[in-house]
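K.L.:
test case, fold it:
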Amino acid sequence: PATVLFHLLLGCELTARTKSYTFEVDAEDDSNHILALSMVCLTDGAKDECNVVEVVGRNRENQEIAVPVANLKLSCQPLLSLDNFKLQPPVTFRLAAGSGPVHLAGWHRIMHRGDASFGEDDDLSEEDEEELPPVMPAKK
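P.N.:
Here you go, the predicted structure:
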């Protein structure tokens with residue numbers, strides 16, 4: 001079956017009033033979803049205090065785990081690049097300390113399995129091969 005890729009931009013803001021944001025997909029959706037966090041930064045109105053952002057997800061035993069991914073402070077580290085830190089939905093971003101506002105940016109990749117099937121005689125042209133994203137090795 002053919003694979004169809006979609007890339008969507010993701011953005012959310014965590015504040016003292018809105019301390020968490022959950023990204024989830026429909027349980028009946030059989031597509032493969034990858035969420036990648038690119039950047040976390042303090043935005044206009046942030047105080048000079050420690051702002052700790054956590055990612056809350058589930059491990060292989062389906063237990064909830066929270067991992068701090070950023071500790072931002074206006075005077076010393078107002079922005080952090082996360083180099084497209086990949087996550088599997090559902091995932092929650094939580095402002096564990098500080099009052100923000102903290103902006104999170106990234107992208108959401110959806111890989112659908114199409115109904116069309118390729119026959120043995122079907123060949124991908126060089127153009128099509130160049131459009132497919134490379135498989136990236138896991139970072140240690």
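K.L.:
pLDDT-wise, which helix or strand of the protein ranks last?
P.N.:
Scoring the helices and strands of the chain by mean pLDDT, DSSP states H and E places helix 126-131 at the bottom, with a mean of 42.
K.L.:
show me how far stretch 63-72 is from its chain's centre.
P.N.:
14 Å (Cα atoms, centre = their mean, to the nearest Å).
K.L.:
got the buried residues for it?
P.N.:
69-72 (16 or more other Cβ atoms under 10 Å). (C-beta placed from N, C-alpha, C; glycine too.)
K.L.:
return the subset of those lying in strands.
P.N.:
Mapping the buried residues of stretch 63-72 onto strands (DSSP state E) picks out 69-72.
K.L.:
out of those, flag the one nearest to V91.
P.N.:
Nearest to V91 among these: V69, at 10.8 Å, using Cβ to Cβ.
K.L.:
picking that back up, closest one of the buried residues of stretch 63-72 to R109?
P.N.:
Among those, and counting by Cβ to Cβ, the member closest to R109 is V69, at 19.0 Å.
K.L.:
what's the closest non-adjacent residue to that closest one?
P.N.:
Excluding the flanking residues, the one nearest V69 by Cβ to Cβ, 6 or more residues apart in numbering is V55, at 5.2 Å.
K.L.:
give me the element the one you found is part of.
P.N.:
Using DSSP states H and E, the element containing V55 is strand 51-58.
K.L.:
burial of the closest residue in space to G45 that isn't next to it in sequence, as a residue count?
P.N.:
Distances taken as Cβ to Cβ, 6+ apart place P101 nearest to G45, at 5.9 Å, with adjacent residues excluded. Other residues near P101 come to 19 when the count uses other Cβ atoms under 10 Å.
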